[in-house]
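> give me a 3D structure for the following:
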Amino acid sequence: MISIIIPCFNAEKTIDRALTSLINQTNKSFEVIAVNDGSTDRTHEILQSYKTKLNLKIINQDNQGLGISRNNAAKVATRKYLCFLDSDDYWLPNKINKILVFVKRTNDSIQLLCHNEYMLVDNKIVGAYKYGTMKNFHELLVLGNCLSPSAVMINKKLFINTGMFTVDLKLHGVEDYDLWLKISINNIKIHYMNEILGYYCLHEANMSNDPNFYKKSILLQNKYLLLVKSTNIILHNKMLSQLKIINYLEKIIRDYKTIYNPIILIKLFIKLIENINEKIIYRWLLIKFEKKLFSIFHKLKNSYRSVR
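Purely as a prediction, here's the structure:
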């Protein structure tokens with residue numbers, strides 16, 4: 001029923017945990033396809049040690065990046081649905097079983113499904129991404145990449161027909177964001193499971209260090225806005241107003257000398273909490289800026305709510 005795709009690049013420190021979380025699944029109705037993307041550490045050796053423990057296929061290739069690695073695995077996948085598990089993330093033991101029960105309830109008609117997941121910073125739970133409560137998916141996407149691949153299951157036919165992850169080098173690093181936008185534009189129904197079924201791990205290594213990351217995201221956002229404008233002008237205008245707030249805040253936060261000024265930070269925080277969905281703020285702050293900033297935001301959020 002499910003093919004689990006794991007792209008790996010120099011993942012010797014985390015891949016054991018990811019694979020162990022698959023061994024511990026209560027429902028074993030899946031195959032695993034791991035792509036060793038030109039690793040120079042012990043990743044390949046560790047993958048080999050799991051071949052007798054899991055229904056595991058290993059693809060070895062020169063380093064080509066996350067998008068192409070996932071695409072290559074999807075081409076050899078034999079199951080109806082694809083799940084993506086990044087090598088530094090891991091799942092709760094009941095994830096596959098919960099998903100299959102959900103699929104059965106929908107008469108096996110799912111195109112795209114996402115669930116909630118814990119958010120870990122330095123292996124400590126600091127919150128949760130509650131994708132399962134996102135009802136305004138279109139609006140959230142224009143603000144930024146709001147979905148983690150490790151929390152998604154997609155119909156393989158939809159994945160292929162949508163063009164899979166882009167191989168455009170100009171969009172390297174935002175391949176998943178591009179895919180979610182393409183799916184959203186095609187008005188694909190998205191199913192949500194309001195349950196936490198995995199752990200999304202944030203650390204220095206998986207935060208974008210690409211100086212053009214912001215420009216790439218803006219490129220996709222503007223392209224998306226133009227497409228929405230031609231079909232739903234009301235939605236377009238709402239998205240545009242929210243995006244202006246984000247861009248205004250981006251401009252201020254780029255100056256690291258001012259962001260730690262408490263007065264400015266509180267003003268920014270109030271503008272954020274009153275105007276933009278909180279789940280987007282978490283991901284936006286943590287990925288684009290620093291863990292320290294996220295910690296400050298987290299504390300301010302609790303203080304702000306306690307006095308309201």
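
> how about Val101, secondary structure?
helix (DSSP: H, G, I helix; E, B strand; the rest coil).

> so what's the residue count around it?
Val101: 12 surrounding residues under other C-beta atoms under 10 Å. In short, each C-beta sits where N, CA and C put it, glycine included.

> check what pLDDT it gets.
pLDDT for Val101: 95.

> any idea how far Ile188 is from it?
Shown here: Val101 relative to Ile188, a distance of 22 Å by C-beta to C-beta, to the nearest Å.

> please apply the same query to Ile4.
21 Å.

> more neighbours: those two, which one.
Comparing Ile4 with Ile188 by neighbour count (other C-beta under 10 Å), the higher total belongs to Ile4, at 26 against 15.

> so who does the more buried one touch?
Ile4 makes contact with 22, 30-33, 82-85, according to C-beta atoms under 8 Å, 6 or more residues apart in numbering.

> any idea which element it lies in?
strand 2-8 (DSSP states H and E).

> how about the CA coordinates for stretch 72-92, as CSV?
In CSV, the C-alpha atoms belonging to stretch 72-92 read as follows (Å, rounded to 0.1, in the frame of the first residue of the first chain):
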residue,chain,number,x,y,z
ASN,A,72,14.5,8.5,-8.4
ALA,A,73,13.0,6.5,-5.5
ALA,A,74,9.4,7.2,-6.7
LYS,A,75,10.2,5.8,-10.1
VAL,A,76,11.0,2.4,-8.6
ALA,A,77,8.3,2.5,-6.0
THR,A,78,5.7,-0.3,-6.4
ARG,A,79,3.0,0.9,-4.0
LYS,A,80,0.0,3.2,-4.5
TYR,A,81,1.0,5.8,-2.0
LEU,A,82,4.3,7.5,-1.3
CYS,A,83,5.5,8.7,2.1
PHE,A,84,8.6,10.7,2.6
LEU,A,85,10.8,10.4,5.6
ASP,A,86,13.9,12.6,5.9
SER,A,87,16.9,10.9,7.4
ASP,A,88,16.9,13.2,10.4
ASP,A,89,13.2,12.8,11.2
TYR,A,90,11.4,9.8,12.7
TRP,A,91,7.9,8.5,13.3
LEU,A,92,5.7,7.2,16.1
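
> may I see the buried residues of it?
72-74, 77, 81-92 (16 or more other C-beta atoms under 10 Å).

> which parts of this protein are helices?
15-23, 43-49, 66-76, 95-105, 137-143, 156-161, 175-185, 213-229, 233-253, 256-259, 262-275, 278-288, 291-306 (DSSP state H).

> so the fourth one versus strand 2-8, what angle?
For helix 95-105 against strand 2-8, the angle between stretch directions is 140 degrees (axes from the mean of the first three to the mean of the last three C-alpha atoms, to 10 degrees).

> can you list contacts of helix 95-105?
1-2, 25-30, 81, 83, 110, 113, 115, 153, 191, 193, 195, 197-198.

> can you do 6 Å?
With C-beta atoms under 6 Å, 6 or more residues apart in numbering as the test, helix 95-105 has contacts from 25-27, 30, 110, 193, 197.

> pretty sure Thr43 is touching Phe9, no?
No. In this structure Thr43 lies outside contact range of Phe9 using C-beta atoms under 6 Å: 7.4 Å.

> looking at the two, which is more packed in?
Set side by side, Thr43 and Phe9 show more neighbours around Thr43, with 23 against 18, by other C-beta under 10 Å.

> OK, contacts around the more buried one?
Thr43 makes contacts with 8, 11-12, 36, as judged by C-beta under 6 Å, 6+ apart.

> pull out the buried members of those residues.
Neighbour counting by 16+ other C-beta under 10 Å classes 8, 11-12, 36 among these as buried.

> mind listing what's buried in the strand ranked longest in the chain?
Determined from DSSP state E, the single longest strand within the chain is strand 190-202. Of the residues in strand 190-202, those buried under the neighbour-count criterion (16+ other C-beta under 10 Å) are 190-193, 195-202.
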